[in-house]
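Q: Quick one: sequence and predicted model below, then my questions.
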Amino acid sequence: MKDILYALSIGSGISCDTIRDALLKRGHCHFSVATSYDELFAIPRQGKCDLAILHEMLPLPEFVASSEYIRRAWPGAKILVISENAEALDDPLYDDRVSPGHSTDELLTTIERLTARGGDKQ
């Protein structure tokens with residue numbers, strides 16, 4: 001487990017609240033939220049980001065643009081997608097996926113697995 005996890009959630013306020021609650025259970029997190037693609041640009045690029053969580057509520061063009069921006073801004077960040085429709089998503093745009101009906105434990109297990117693989121590349 002990373003000492004402090006720097007996480008960014010991109011999506012609607014309600015879906016981000018669910019992620020925030022799960023990360024509060026984990027503890028030792030710095031959590032930022034962007035409710036839209038445009039708000040992503042307000043997040044300082046010089047800050048750390050270990051994990052970006054994209055929600056299926058984003059329109060596909062915003063999903064793709066968000067993923068590409070995250071890959072450029074924080075190359076070491078892992079991208080977790082919360083979506084039912086994995087087939088519509090281009091695999092290199094994300095590192096893992098969970099369904100919207102995930103349990104808190106499933107989400108936390110996925111986050112720990114992803115961030116453990118990532119190490120500290122930044």
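A: Good, I have the coordinates.
Q: Quick one: residues in contact with stretch 5-19.
A: Stretch 5-19 is touched from outside by 20, 23, 26, 28-37, 39-40, 43, 47-58, 66, 70, 77, 82, 100, 107, 111, 115, with contacts defined as CB atoms under 8 Å, 6 or more residues apart in numbering. Where C-beta positions appear, they are placed from N, C-alpha and C, glycine not excepted.
Q: from the residues you listed, which ones fall inside helices?
A: Judged by DSSP state H, the subset of these located in helices is 20, 23, 26, 37, 39-40, 66, 70, 107, 111, 115.
Q: Now render those as TSV, adding distance to residue 92.
A: Putting those into TSV (distance: CB to CB, whole Å) gives the following:
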residue	distance to residue 92
20	27
23	26
26	27
37	19
39	24
40	19
66	14
70	12
107	22
111	20
115	19
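Q: Among these, which one has the most neighbours?
A: Top of these by neighbour number is residue 111, holding 26 neighbours under the definition other CB atoms under 10 Å.
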